[in-house]
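Engineer: coordinates only, sequence not included:
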């Protein structure tokens, strides 16, 4: 929460419209604070906010909220054998039991 508040403050005082990238922001938050951040914080943080998350940060409920407040979602699948990443449209596929 402190780092999120710091990011918010920096975006407001800088007067620069820069893209913001946030890595695994929800990992240590309870469900109430996760939902609040998704619904009321990230969509107002800047014009281009990129959130990198893991499948353990979001469940189906958060996915539905994220789809309402974001423009686009992608899944990055790293292939260990071939050493490259495949980019797919959409977020984690919870209905089929994971990626």
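Structural biologist: Great, that's in hand. Because the structure is a prediction, the values reported are computed rather than measured.
Engineer: In the protein, where is pLDDT below threshold?
Structural biologist: 92-99 (pLDDT under 70).
Engineer: helix, strand or coil for the residue positioned nearest the centre of it?
Structural biologist: Nearest to the geometric centre of the chain sits residue 51, at 3.1 Å (CA atoms, centre = their mean). Using DSSP: H, G, I helix; E, B strand; the rest coil, the structure places residue 51 in strand.
Engineer: just the strands in this structure please.
Structural biologist: Under the criterion DSSP state E, the chain contains strands at 20-23, 49-52, 74-79, 84-89.
Engineer: Next up, the contacts around the closest residue to residue 56 other than its chain neighbours.
Structural biologist: Spatial nearest neighbour of residue 56, chain neighbours left out: residue 27 (7.4 Å); criterion: CB to CB, 6 or more residues apart in numbering. (Each C-beta comes from the backbone N, C-alpha and C, glycine too.) Each residue near residue 27 by CB atoms under 8 Å, 6 or more residues apart in numbering is listed here: 54, 56-57.
Engineer: before we move on, what about residue 48?
Structural biologist: Counted by CB under 8 Å, 6+ apart, residue 48 has contacts 19-20.
Engineer: how close does it get to residue 1?
Structural biologist: Here the criterion is CB to CB, to the nearest Å. By it, residue 48 lies 22 Å from residue 1.
Engineer: List the buried residues of the lengthiest helix in the chain.
Structural biologist: Secondary structure of the chain per DSSP state H: the longest helix is helix 2-14. Under the neighbour-count criterion of 16 or more other CB atoms under 10 Å, helix 2-14 has 4, 7, 11 buried.
Engineer: Likewise for stretch 31-38?
Structural biologist: 34, 37-38.
Engineer: and if you look at stretch 46-60?
Structural biologist: 46, 49, 51, 53, 57-58.
Engineer: Redo the residues you listed as JSON lines? Include distance to residue 86.
Structural biologist: Converted to JSON lines, the buried residues of stretch 46-60 look like this (distance: CB to CB, whole Å):
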{"residue": "46", "distance to residue 86": "28"}
{"residue": "49", "distance to residue 86": "23"}
{"residue": "51", "distance to residue 86": "19"}
{"residue": "53", "distance to residue 86": "17"}
{"residue": "57", "distance to residue 86": "20"}
{"residue": "58", "distance to residue 86": "19"}
